[in-house]
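K.L.:
Generate a structure from the sequence data that follows.
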Amino acid sequence: ADPAAKGGRCICVVGTVHAGSPAASAGLREGDSVLRFGDVDGWSFTSIESSIVPLVKEAVAASRQLPVEVTRVESGTEVRIERHTLQLSPRAWEGSGFVGCVLHPHF
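P.N.:
Numbering: from 1, shown residues only. All right, here's what the predicted structure looks like:
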């Protein structure tokens with residue numbers, strides 16, 4: 001599939017990831033581009049508030065993991081873009097919210 005197609009487009013970008021949070025435990029990193037969050041992708045995404053927040057609340061209520069597909073730039077001897085599917089377990093933790101990271105809209 002063409003990653004530039006709407007289904008593979010970035011729906012939001014990860015901002016600050018708080019230490020000890022569910023997001024940190026899942027391996028989310030600041031700067032990750034989120035392509036899919038649970039069953040929300042570029043086709044079904046409308047906004048963080050209307051598409052992702054309800055999904056997180058449902059996952060917390062059901063103690064369910066959400067797969068989060070991201071792309072990230074890895075820099076080592078050469079810069080490359082890698083795609084990862086991470087398992088996020090939203091839950092109450094010592095910080096605020098159920099995820100523990102900031103999600104920024106992607107335009």
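K.L.:
Pull the number of nearby residues for the spatially closest residue to F98 that is not a sequence neighbour.
P.N.:
Closest residue to F98 in three dimensions, ignoring its sequence neighbours and counting by Cβ to Cβ, 6 or more residues apart in numbering: P90, at 4.1 Å. From N, CA and C alone the C-beta is placed, and that goes for glycine too. Residue crowding around P90 was assessed by other Cβ atoms under 10 Å; the count is 25.
K.L.:
my guess is P90 meets V53, correct?
P.N.:
No. Taking contact to mean Cβ atoms under 8 Å, the distance of 10.3 Å between P90 and V53 leaves them out of contact.
K.L.:
Name the residues that touch the longest helix seen in the chain?
P.N.:
Longest helix in the chain by number of residues, with DSSP state H as the criterion: helix 53-62. With Cβ atoms under 8 Å, 6 or more residues apart in numbering as the contact definition, helix 53-62 has outside contacts at 37-40, 64-66, 88-92, 98-99.
K.L.:
cool, stretch 84-102 as well?
P.N.:
Residues from elsewhere that reach stretch 84-102, judged by Cβ under 8 Å, 6+ apart: 14-18, 20-28, 30, 56-57, 59-60, 63, 65-72.
K.L.:
mind listing the strands for this structure?
P.N.:
Using DSSP state E, the strands found in the chain span residues 12-17, 33-37, 66-75, 79-88, 101-105.
K.L.:
how about those strands in CSV, adding mean neighbour count and distance to S47?
P.N.:
Conversion of those to CSV gives the following (neighbours: other Cβ atoms under 10 Å; distance: least, Cβ to Cβ, whole Å):
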stretch, mean neighbour count, distance to S47
strand 12-17, 17, 9
strand 33-37, 21, 12
strand 66-75, 16, 17
strand 79-88, 13, 19
strand 101-105, 16, 7
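K.L.:
Pipe those strands into TSV and attach mean pLDDT and distance to I48 per row.
P.N.:
Listed next are those as TSV, based on pLDDT from 0 to 100; distance: least, Cβ to Cβ, whole Å:
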stretch	mean pLDDT	distance to I48
strand 12-17	96	6
strand 33-37	95	9
strand 66-75	90	13
strand 79-88	92	14
strand 101-105	95	5
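K.L.:
And the residue nearest to F98, how close does it get to H104?
P.N.:
When distance is defined by Cβ to Cβ, to the nearest Å, P90 is 18 Å away from H104.
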